[in-house]
Structure formats: C-alpha cells, structure tokens
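Peer 1: Need the 3D shape of this:
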Amino acid sequence: IDASLMRYFIRGYFDGDGSITSDFSKKVNITITGYENNLLKIKSYLDNVNIFSNFIEDKRYYNSGNGRMGSLMISDITSKYCFCKHIHEDDDFPAMIRKKELCMKYAQLIENNIDKNRYKMATIYYKYAVQKVS
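Peer 2: Residues are numbered from 1 along each chain as shown. Presented below is the predicted three-dimensional model:
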C-alpha cells in the first residue's frame, strides 16, 4: 500500500476490526484486532508517524494456519488522541459513523480540556510530531 494511503487503510481496518470504548468518564481504550503480520505492518506505519502502540498476542488457540492473532493496543493519551485525529483528518473518505463519532468525541474531550498539561501536550505533539511527518 502506498504510504500516502496507509491512514485510509488503517481507518478501514479499524472500522472493521477495531474498537474504542464509549465510556469517556473512565479510561478510553483503542484496539485493533487481527493477525500479527497485518498488525505489525500497521504498527510500523504508526511508529513512523510518531503514534505508538503495542502488539498483544492472543494466547487462545486458532487453527487457521495464518499466523498468530492478537491486538494492537494504543494506550497513552497522546497516541490515542493522535490516532483519532490522524485517521479521521481527511473527511473525503467514508468511515464507520459510530467509530468516527467516538474518535472525534475523544479528540474533542482532549481539546476542550487543553488547560490540563497532559492534554495540551497531546495537541502540540500532534501538530508537530504527527502532522509534519505524515
């Protein structure tokens, strides 16, 4: 996949096999589930645009022959904010409405609480570490 289209691919993959929790009064979790080889390619792209994640192997047995299964976890506030902004930055391409709304709600929560240092840093980081690279 051409690097310029990768975020759209990730958006589609996230729409199909990803999740974002909808209870924003507690910790927000963002995950993408799939085969390890696919998720590591997504992780590599995200790492290159300064959005960090971890691959967690699913230890249950699957007899598909296609490799290990697992989840890509995006866990820190800055990476979750940047992920949501990055995959939904261009509204010309379709997205699953429910997941897009949850991502935008999370991004808005960060932006509305920018007076808190950890949220302010997330918005600054996105502007200078993610947008400039991608």
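
Peer 1: On the pLDDT front, check S71 for me.
Peer 2: With respect to pLDDT, S71 scores 94.

Peer 1: Can you show me the strands along the protein?
Peer 2: 18-20, 30-35, 54-57, 69-74 (DSSP state E).

Peer 1: which helices and strands sit right next to the longest helix seen in the chain?
Peer 2: Taking DSSP state H as the criterion, the chain has its longest helix at helix 97-112. With contacts taken as 3 or more CB pairs under 8 Å, 6 or more residues apart in numbering; DSSP states H and E, helix 97-112 sits against strand 18-20, helix 77-87, helix 117-125. Every C-beta, even on glycine, is put in place using the N, C-alpha and C of the backbone.

Peer 1: Go ahead and name everything in contact with the second one.
Peer 2: Which is helix 77-87. Residues lying outside helix 77-87 but in contact with it, judged by CB atoms under 8 Å, 6 or more residues apart in numbering, are 7-8, 10-11, 14, 20, 28, 30, 46, 49-53, 74, 95, 103-104, 106-107, 110, 118-119, 121-123, 125-126, 129-130, 134.

Peer 1: Please indicate which of those are buried?
Peer 2: Neighbour counting by 16 or more other CB atoms under 10 Å classes 7-8, 10-11, 14, 20, 28, 30, 46, 49-51, 53, 74, 95, 103, 106-107, 110, 119, 122-123, 125-126, 130, 134 among the contacts of helix 77-87 as buried.

Peer 1: wait, which of the strands of the chain is closest to D2?
Peer 2: Among these, the nearest to D2 by CB to CB is strand 30-35 (20.1 Å).

Peer 1: so what does the closest one touch, helix or strand wise?
Peer 2: Contacts defined by 3+ CB pairs under 8 Å, 6+ apart place strand 30-35 against helix 6-17, strand 18-20, strand 69-74, helix 77-87.
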